[in-house]
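A.B. asks: what's the 3D shape of this:
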Amino acid sequence: MRERVRHMLAKEFIQALRDPRMRAILFVMPVVQLIVFGYAVTTDVKHVATAVYDLDRTVASRELVSRFTGSGYFDVVEYITEEQRVRELLDRGRVSVVLRMNPGFEGDLAAGRIAQLQMLLDGSDSNTASIVASYAARIVAQYSEQVLLERLERQRGRAPDLTRVPLETRAWFNENLESPHFYVPGVVAILVTLITLLLTSMAVVREKEIGTMEQIMVTPIRPVEFILGKTMPFALISFVDVILVTSVGVLWFDLPVRGNPLVLLFSTGLFLMTTLGVGLVISTFSQTQQQAMMGTFFFHMPAMLLSGFMFPIANMPTVVQWLTYLNPLRYFLVIIRGIFLKGVGVSILWPQMLALFVIGVVTLGLASRRFRKTLA
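C.D. replies: Numbering: from 1, shown residues only. Below is the predicted model:
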């Protein structure tokens, strides 16, 4: 058995690594994708293109605009002088926000009346629009509080003592609430999933297309040996990719690793059981490499969307939440973020590890059964 598996391993390593372009895809592209996605996948909203339609043109209106620009969230790109220009800028996507102040803005503030401020938002991106609206509401609230204090001070001759309930917040695990610290571990998991699925889903199909499956059938190799020979090279390559992209994440994005790296490697092994098993199952059902690739993407896209990487699982419908329990990527994201950010270990993450183990055993068992039929 050892000799047969050894020959299978050598064959798979040669096929996977003999092509320089394939080596670049396996070891260079994950690093490039991690760097690109690490910057691209973020929920931080800064430097929002803003236009100002100031019909009051007073000190008060200019001060409010300066508060928006000074926050770092809004960049004024144009001061509008015509009404139709508002629609034109929003339609063309040149700006995402238009601030409008009607005549009498400063007079209303001085007289103690409600001063009207209108903010027009590009709502085509609802998530960004809601974040921008919350930023603007905070800026206007602080400005309104200052105006109220100044008016009371003028009336009473001194600054009044207003009763307040101060709120002090402290974020655990990600003190500065940096998006890369949340998304980069997820990108690592997504890349590893895609690489292992693509490699293994084409493992058996390639044998069928080049005509070597018949040769394998007449050999004394058993299904278990065939599975080991097909999966172990890809598992080792995936481990190298995990170490590589994790090192880039730590060195490039200053990603903290607060947990035990050995627990991360062990959990990665459990996760690879599931992805390699799924890839082999896809490979046994496919007749061509094109079918295998399409099957991989049909699995990978729902797995990514239902993992909690982009959208919180708690916000999904109840039926969809139940479906996510069949998704191995869901458990691995909890593990990898827990190790990177929280520094937790097996005592906390054992339910996710157990789930990965069960899914891995089931998928590899199904793949073995399919191979037994193929090699029978």
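
A.B. asks: Let me see the ranges of the strands in the stretch 151-300 of the chain.
C.D. replies: Ranges of strands within the stretch 151-300 of the chain: none, based on DSSP state E, counting those that start in this stretch.

A.B. asks: quick one, helices of it?
C.D. replies: Listed in chain order, the helices of the stretch 151-300 of the chain (DSSP state H, counting those that start in this stretch) span 179-201, 203-210, 213-217, 223-253, 261-285, 289-305.

A.B. asks: what stretches of the stretch 201-350 of the chain score poorly on pLDDT?
C.D. replies: Counting by pLDDT under 70, the stretch 201-350 of the chain contains low-confidence ranges at 210-221, 223.

A.B. asks: can you rerun that using 90?
C.D. replies: Counting by pLDDT under 90, the stretch 201-350 of the chain has low-confidence residues at 201-259, 276-277, 279-298, 308-312, 314-316, 341, 343, 345.

A.B. asks: which strand residues sit across from Glu78 in the sheet?
C.D. replies: In this structure, Glu78 has the following beta-bridge partners (DSSP bridges): Ala51.

A.B. asks: Of the helices of the stretch 151-300 of the chain, which is nearest Pro351?
C.D. replies: Proximity to Pro351 (C-beta to C-beta) singles out helix 261-285 among these, at 12.1 Å. Quick note: C-beta positions are derived from backbone N, CA and C, even for glycine.

A.B. asks: I'd like the helices of the stretch 151-300 of the chain laid out as JSON lines, including mean neighbour count.
C.D. replies: Shown next, in JSON lines, are those (neighbours: other C-beta atoms under 10 Å):
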{"stretch": "helix 179-201", "mean neighbour count": "23"}
{"stretch": "helix 203-210", "mean neighbour count": "19"}
{"stretch": "helix 213-217", "mean neighbour count": "12"}
{"stretch": "helix 223-253", "mean neighbour count": "19"}
{"stretch": "helix 261-285", "mean neighbour count": "22"}
{"stretch": "helix 289-305", "mean neighbour count": "17"}
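
A.B. asks: And those: which comes nearest Val361?
C.D. replies: Relative to Val361, the nearest member of those by C-beta to C-beta is helix 261-285, separated by 7.4 Å.

A.B. asks: tell me the angle the closest one makes with helix 223-253.
C.D. replies: When axes from the mean of the first three to the mean of the last three C-alpha atoms, to 10 degrees is applied, the directions of helix 261-285 and helix 223-253 differ by 130 degrees.

A.B. asks: So what are the structural domains in this structure, by residue number?
C.D. replies: Here the domain parsing of the chain from automatic domain parsing is 2-41+178-375, 48-156.

A.B. asks: Mind putting these into JSON lines with distance to Ala171?
C.D. replies: Below are those laid out as JSON lines (distance: least, C-beta to C-beta, whole Å):
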{"stretch": "domain 2-41+178-375", "distance to Ala171": "10"}
{"stretch": "domain 48-156", "distance to Ala171": "17"}
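
A.B. asks: closest one to Thr169 among the ones you listed?
C.D. replies: domain 48-156 (13.4 Å).

A.B. asks: can you give me the mean pLDDT across that closest one?
C.D. replies: The average of the pLDDT scores along domain 48-156 is 87.

A.B. asks: Determine how far that domain lies from the middle of the whole chain.
C.D. replies: For domain 48-156, the gap between its own C-alpha mean and the chain's C-alpha mean amounts to 32 Å (C-alpha atoms, centre = their mean, to the nearest Å).
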